[in-house]
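Participant: Build me a model:
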Amino acid sequence: MSPCGSHCCCCCYSHRLDAGTQEVCEADLKVLCAVSTKEMEESEEKKKTGLTCLQQFKEDIKNQECRDKVHRKMKLAARDIRFDDVLANACQEDRKKYCNDVQPGSARVIRCLQDYRSNLGQVCAAALFDHEVKMAEDIDFKYPTRKACAWEISNFCKEVPHGHARIMRCLQNHLDEEDMSTECKSEVMRDQNRMSQDYRLNWRLNKACAADITQLCSGLCNVQSGQSCGGVVLQCLQDNQDNITSSNCQEEVFYYQLMEVQDFRNDVILAEACRVDVDKYCKDVEPGGGRVHACLRHQMNYLSDRCKAEEQKLQALEYRDIRLRPKLAKICSEERAVYCKDVKPGKARVVTCLMENMAQPNFGDECRVELQKREEVVKNDYRYDIGVLTGCSSDIDMFCADARTKLRGNATVLKCLVENFAKTSDNCQNEMSRAVRFALWSYQKGQALTSVCDDDVNTFCPKGAKARSGGMFTIGAVGRCLSKALVQAKALTPKCRELVLTAAPKDSRVYLQYPESTSALVAKIAELQRAAGLESVLVDPYRRDGGSVTVTGWVALACIFSLVLVSCGGMVMLYSRWLGLDKPHTQYVKSGDA
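Facilitator: As a prediction, this is how the structure comes out:
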């Protein structure tokens, strides 16, 4: 066989620096690689390590001509294994074993090795991983993808510059385009699946999150071993996303979460945990578009414990940001533009804003229904409420550790927090008040958290509040009705009273706890008004005809504060009249010598 046969590693193809490249890269070699031209002339090994070094620090090369030459050599190495000495030598035996009939060129041998990745020897697998990390930066180094997506790149991404994985991100953003070919879509999804195996294969995230990974996820993976981290660092960044300091890193972690939501294979920990479950329940479901996740959740009660835990964890992540729930984001796009246009996404802020505006007369029915579906999940499991999950973390550990072990979607932890509400932290009280207020706002009979009020709703709330079959009340009807009953000192059952008090805003809670005193204060204010000689009586607790003005619920509490001010003013007026200070008088000023 010719020395330049198909398995020859370096006879005809050199991975060394040629004289021209050495010359234009001389300054960068000294700075980045601590090697001189003279040293390379004296050592063939120095020439090889010099090129490897320049490829590793390609982004730091100052000389543009040097950078261009290194770029061209990397394109060759990405397309033909014979231009990458390290990979070719490390995988010589594996190549003979698995890819013996595969012709070099067009990245065919490299793709073959990737397909047999799980069977490769340790040395070859490590060299292949290092090759992929090095080539993750540019579409020019991903020959199969560049070839399959040539039309898409020229049409969807023609204004996007190469490098920094920008073309790949552009293609990912156009995955749902009807004009994207099946071949291109398959390559892009394959690339996404691969970069989810290790954060270093995701060039943009690796670059943006370098400092945060060091700070938050140090020691989780041996980056010197040449082996994949298996998703542990990516999981760490998600678990610590509220502590990430770099805005670019936050954006890249969010984009990775979008990838997870769309395709279960992009979450390697979940994919491994659910491998058997997917084969059993969803083997005919095409990956992508969140379809496999939907299938698994439809079978949630039958999933293995590991798979169920991972799916619930991802589902809780989706509830943090409306953008991670594409269907909800699309349906509620108009309402978001009208009511929440200035609300920053994340930490469920947009959804909270939408929930607060559901009772608006122009709020769309379709958006309202989707939000109610979301609320049904949130009010039965605290893990889907990011505010309660984070704001009450220490309180749950302290007061509800046992309840946390009994999670079955029955609001066990939320009910425990209501029972211990007075002992929880201020932050937890604020989050629980909001959560319970929303639960009462979208009340349905028989729900785990609000079922303690079912009897009181039947007793005190008008039957006309029911708007549709199934017992669903109009938005906010029950919340207003129960708060009014509490203000009027009606005999709510103790558990329901406790729940309504939890829902009350902090400044109003003290007045609701003693409604009898509040009613007495209103009567006293009426007496003060008459004693002060005011012609128009602002408060008449005995009047029952239609001419009176009635306010209820939380609005009534604001009125009480105003009435307190009126009370103080009335007492000052009475005191002034009693002393005669309100009689007219004339003031004289006597001038003296200048």
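
Participant: how about low-confidence regions in the stretch 401-550 of the chain?
Facilitator: 407-408, 463-475, 510-550 (pLDDT under 70).

Participant: any idea where the helices of it begin and end?
Facilitator: 401-404, 412-419, 426-441, 454-460, 477-487, 494-503, 506-513, 515-531 (DSSP state H, counting those that start in this stretch).

Participant: Which one of those helices lies nearest to residue 32?
Facilitator: For residue 32, the closest of the helices of the stretch 401-550 of the chain is helix 426-441, at 48.8 Å, according to Cβ to Cβ. Placement of C-beta: from N, CA and C, glycine included.

Participant: buried sites along stretch 397-414?
Facilitator: By 16 or more other Cβ atoms under 10 Å, the buried positions in stretch 397-414 come out as 399-400, 403, 411-414.

Participant: try stretch 259-279
Facilitator: Across stretch 259-279, burial judged by 16+ other Cβ under 10 Å covers 259-271, 273-274, 277-278.

Participant: just to revisit the earlier point, save the helices of the stretch 401-550 of the chain as TSV, and put in distance to residue 142 too.
Facilitator: As requested, the helices of the stretch 401-550 of the chain are exported to TSV (distance: least, Cβ to Cβ, whole Å):
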stretch	distance to residue 142
helix 401-404	45
helix 412-419	46
helix 426-441	45
helix 454-460	60
helix 477-487	55
helix 494-503	54
helix 506-513	55
helix 515-531	69
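
Participant: Residue 388 versus the closest residue to residue 269 other than its chain neighbours, what's the distance?
Facilitator: Nearest non-adjacent residue to residue 269, counting by Cβ to Cβ, 6 or more residues apart in numbering: residue 231, 5.0 Å away. Per Cβ to Cβ, to the nearest Å, residue 231 is found 27 Å from residue 388.

Participant: Ok, residue 451 next?
Facilitator: 19 Å.

Participant: Compare those two and say which one has the larger neighbour count.
Facilitator: In terms of neighbours (other Cβ atoms under 10 Å), residue 388 is the more surrounded of residue 451 and residue 388; the figures are 24 against 16.

Participant: correct me, but that one touches residue 433?
Facilitator: No: the criterion here is Cβ atoms under 8 Å, and residue 388 misses it with residue 433 at 10.4 Å.

Participant: residue ranges with poor pLDDT in the stretch 101-250 of the chain?
Facilitator: 224-227.

Participant: which residues in it form helices?
Facilitator: 108-115, 122-134, 143-148, 150-156, 166-173, 182-195, 203-208, 210-216, 232-239, 247-262.

Participant: mind putting those in CSV, distance to residue 39 included?
Facilitator: Formatted as CSV, the helices of the stretch 101-250 of the chain follow (distance: least, Cβ to Cβ, whole Å):
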stretch, distance to residue 39
helix 108-115, 31
helix 122-134, 23
helix 143-148, 33
helix 150-156, 41
helix 166-173, 36
helix 182-195, 36
helix 203-208, 30
helix 210-216, 30
helix 232-239, 36
helix 247-262, 38
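
Participant: Nearest to residue 287 among the ones you listed would be which one?
Facilitator: Of all the helices of the stretch 101-250 of the chain, it is helix 182-195 that lies closest to residue 287, at 7.6 Å by Cβ to Cβ.

Participant: related to what we said a few turns ago, distance of the residue nearest to residue 269 from residue 168?
Facilitator: Per Cβ to Cβ, residue 231 is found 19 Å from residue 168.

Participant: repeat for residue 307
Facilitator: Distance from residue 307 to residue 168, by Cβ to Cβ: 30 Å.

Participant: Next: residue 501.
Facilitator: Residue 501 is 54 Å from residue 168, by Cβ to Cβ.

Participant: Neighbour count: these two, which is higher?
Facilitator: residue 168 (27 against 21).

Participant: Report the contact partners of that one.
Facilitator: Taking Cβ atoms under 8 Å, 6 or more residues apart in numbering, we find residue 168 in contact with 139, 142, 145, 188, 191.

Participant: Roughly how far does it sit from residue 368?
Facilitator: In terms of Cβ to Cβ, residue 168 sits 38 Å off from residue 368.

Participant: same question, residue 85
Facilitator: 63 Å.

Participant: same question, residue 310
Facilitator: To residue 368, residue 310 is 31 Å away according to Cβ to Cβ.

Participant: And residue 60, by the same measure?
Facilitator: Counting by Cβ to Cβ, the gap from residue 60 to residue 368 is 54 Å.

Participant: Next: residue 266.
Facilitator: Distance from residue 266 to residue 368, by Cβ to Cβ: 32 Å.

Participant: before we move on, what about residue 189?
Facilitator: Applying Cβ to Cβ, the value for residue 189 to residue 368 is 34 Å.

Participant: List the buried residues of stretch 319-327.
Facilitator: 319-326.

Participant: from the residues you listed, which is closest to residue 106?
Facilitator: Of the buried residues of stretch 319-327, the one sitting nearest to residue 106 (Cβ to Cβ) turns out to be residue 326, at 35.9 Å.

Participant: Excluding chain neighbours, what is closest to residue 439?
Facilitator: In space, and not counting its chain neighbours, residue 439 is closest to residue 379: 4.2 Å by Cβ to Cβ, 6+ apart.

Participant: who are the neighbours in contact with that neighbour?
Facilitator: 411, 414, 435, 438-439, 442, 447-450.

Participant: Could you dump those into TSV with distance to residue 121 added?
Facilitator: Formatted as TSV, those follow (distance: Cβ to Cβ, whole Å):
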residue	distance to residue 121
411	53
414	53
435	54
438	57
439	57
442	59
447	58
448	55
449	56
450	61
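
Participant: with these in mind, which one is nearest to residue 458?
Facilitator: residue 450 (12.9 Å).

Participant: mind listing what the closest one touches?
Facilitator: Counting by Cβ under 8 Å, 6+ apart, residue 450 touches 379, 439-440, 443-444, 499.

Participant: what's the farthest-apart pair in those residues?
Facilitator: Once Cβ to Cβ is applied, these give 444 and 499 as the farthest pair, at 14.5 Å.

Participant: More neighbours: which of these two?
Facilitator: When neighbours are counted by other Cβ under 10 Å, residue 444 and residue 499 differ, and residue 499 comes out ahead with 25 against 18.

Participant: Now do the more buried one against residue 429, distance only.
Facilitator: 14 Å.

Participant: what about residue 449, neighbour count?
Facilitator: 22.

Participant: Identify the residue nearest it in space, chain neighbours excluded?
Facilitator: Closest residue in space to residue 449, ignoring its immediate chain neighbours: residue 411 at 4.1 Å, by Cβ to Cβ, 6+ apart.

Participant: OK, contacts around the one you found?
Facilitator: 379-382, 447-449.

Participant: Ok, residue 254 next?
Facilitator: 321, 323.

Participant: before we move on, what about residue 353?
Facilitator: Counted by Cβ under 8 Å, 6+ apart, residue 353 has contacts 336, 339-340, 343.

Participant: unless I'm mixing things up, residue 391 is touching residue 426, no?
Facilitator: No: Residue 391 lies out of contact with residue 426 (Cβ under 8 Å); the separation is 9.4 Å.

Participant: More neighbours: the two, which one.
Facilitator: Between residue 391 and residue 426, residue 391 has the larger neighbour count (other Cβ under 10 Å), namely 22 against 9.

Participant: Leaving out chain neighbours, which residue sits closest to the more buried one?
Facilitator: Excluding the flanking residues, the one nearest residue 391 by Cβ to Cβ, 6+ apart is residue 431, at 3.9 Å.

Participant: For the one you found, grab the count of nearby residues.
Facilitator: The burial count for residue 431: 23, using other Cβ under 10 Å.

Participant: how close does it sit to residue 387?
Facilitator: When distance is defined by Cβ to Cβ, residue 431 is 4 Å away from residue 387.

Participant: What's the separation between residue 212 and residue 289?
Facilitator: 30 Å.

Participant: Give me the more crowded residue out of the two.
Facilitator: A direct count of neighbours by other Cβ under 10 Å for residue 212 and residue 289 places residue 212 higher, at 22 against 15.
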